[in-house]
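Visitor: Whatever this is, show me its structure:
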Amino acid sequence: MRDGEPEMKTSVPLYHRLKSDLIRDIQSNKWNVGDKIPSEADLAVEHGVSRITVRQAISDLVSMGYLVRHQGKGTFVAKRRTSVAVSRLQGFAEELRTSGKDVALTVKHVQMVACSERISKQLEVPEDTKLIRISRVASVDNLPVFRETSFLLPPTEGAFEELVNHPELHNHIYGFFERHGVRIAYGKQEIYAERANYDDSQELNIGFDEPVLVVQRVTSDDTGTPVEFSEVRYPSSRYHYNVNLTRGDV
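Guide: Purely as a prediction, here's the structure:
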């Protein structure tokens, strides 16, 4: 993206890469709060992309609060917003370890796969984009407590080979991303219940059609780019979800 940087093959859309570059410029104080950033045309030339790509990246940064548009004047660096985390983002195994459990992870498969239509919508990438698919089973005291299927957008060209050759990296997927310069920032997840399928019964040692809790999560980096989609399936009899709630002044 920048002059003098080696070109790296990547499946990340251009506008996401441009967003990352612009956020880095803002965070490094290339432009200060209140400064007007270059025009779309100038940015397109500087980064070697189309004006449509620039416009899309800037629109996202406006939505994220990094930039603000003033009609007829241009786009400016916005005042930093203070954010409060609703809940700390942790990996599913990390959550169990935080609660004091000794978790053992068994990696079933590590594969490069073509992105399906369902996953492409979650990760906002074209169908057939190459992704890393990881299947794992987590156990506590030799009892399976969940099975997880994750789809990772490769952070670098050699990421797949690194995961294959170093199984210990599967214990901390977020840490693996961060080793490659991808800063994990937030996630959104959906939780629902359904009956166990064949793979659940085989890998979790539960009865067919037993209730399972399904958690689907999309994890994004600090540019807002989705980098991982995961589905975790818990036997309902082995998982308890606790939420602390407070009520302020009414």
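
Visitor: quick one, strands of this protein?
Guide: Ranges of strands within the chain are 67-70, 74-77, 103-114, 130-140, 143-152, 184-195, 211-221, 226-235, based on DSSP state E.

Visitor: just these: most buried one?
Guide: Mean neighbour count (mean count of other C-beta atoms under 10 Å) peaks for strand 226-235 among the strands of the chain, with a mean of 22. For every residue, glycine as well, the C-beta is placed using N, CA and C.

Visitor: now the angle from that one to strand 143-152?
Guide: Following axes from the mean of the first three to the mean of the last three C-alpha atoms, to 10 degrees, one obtains 160 degrees for the angle between strand 226-235 and strand 143-152.

Visitor: tell me, what residue is most central in this protein?
Guide: For the chain, the residue sitting closest to the mean C-alpha position, by C-alpha atoms, centre = their mean, is Thr219 at 2.5 Å.

Visitor: sorry, back to before: can you add distance to Leu163 and mean pLDDT and give the strands of the chain back as CSV?
Guide: Shown next, in CSV, are those (distance: least, C-beta to C-beta, whole Å; pLDDT from 0 to 100):
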stretch, distance to Leu163, mean pLDDT
strand 67-70, 35, 86
strand 74-77, 37, 91
strand 103-114, 6, 87
strand 130-140, 6, 90
strand 143-152, 8, 90
strand 184-195, 16, 87
strand 211-221, 16, 90
strand 226-235, 13, 92
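
Visitor: Just send the ones you listed back as TSV, with distance to Ser50 too.
Guide: As requested, these are arranged in TSV below (distance: least, C-beta to C-beta, whole Å):
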stretch	distance to Ser50
strand 67-70	19
strand 74-77	17
strand 103-114	26
strand 130-140	24
strand 143-152	28
strand 184-195	27
strand 211-221	23
strand 226-235	22
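
Visitor: Asn29: which of the ones you listed is closest?
Guide: Shortest distance between Asn29 and those, using C-beta to C-beta, is found for strand 74-77: 9.4 Å.

Visitor: Show me the contact partners of that closest one.
Guide: Judged by C-beta atoms under 8 Å, 6 or more residues apart in numbering, the contacts made with strand 74-77 from elsewhere in the structure are 26, 31-37, 39, 58, 62, 66-70.

Visitor: mind redoing it with 10 Å?
Guide: Identification of contacts with strand 74-77 by C-beta atoms under 10 Å, 6 or more residues apart in numbering yields 22, 25-26, 29-40, 43, 58-59, 61-62, 66-70.

Visitor: Return the members of those residues classed as buried.
Guide: By the neighbour-count criterion of 16 or more other C-beta atoms under 10 Å, the contacts of strand 74-77 include these buried positions: 22, 26, 31, 37, 40, 43, 58, 61, 66-67.
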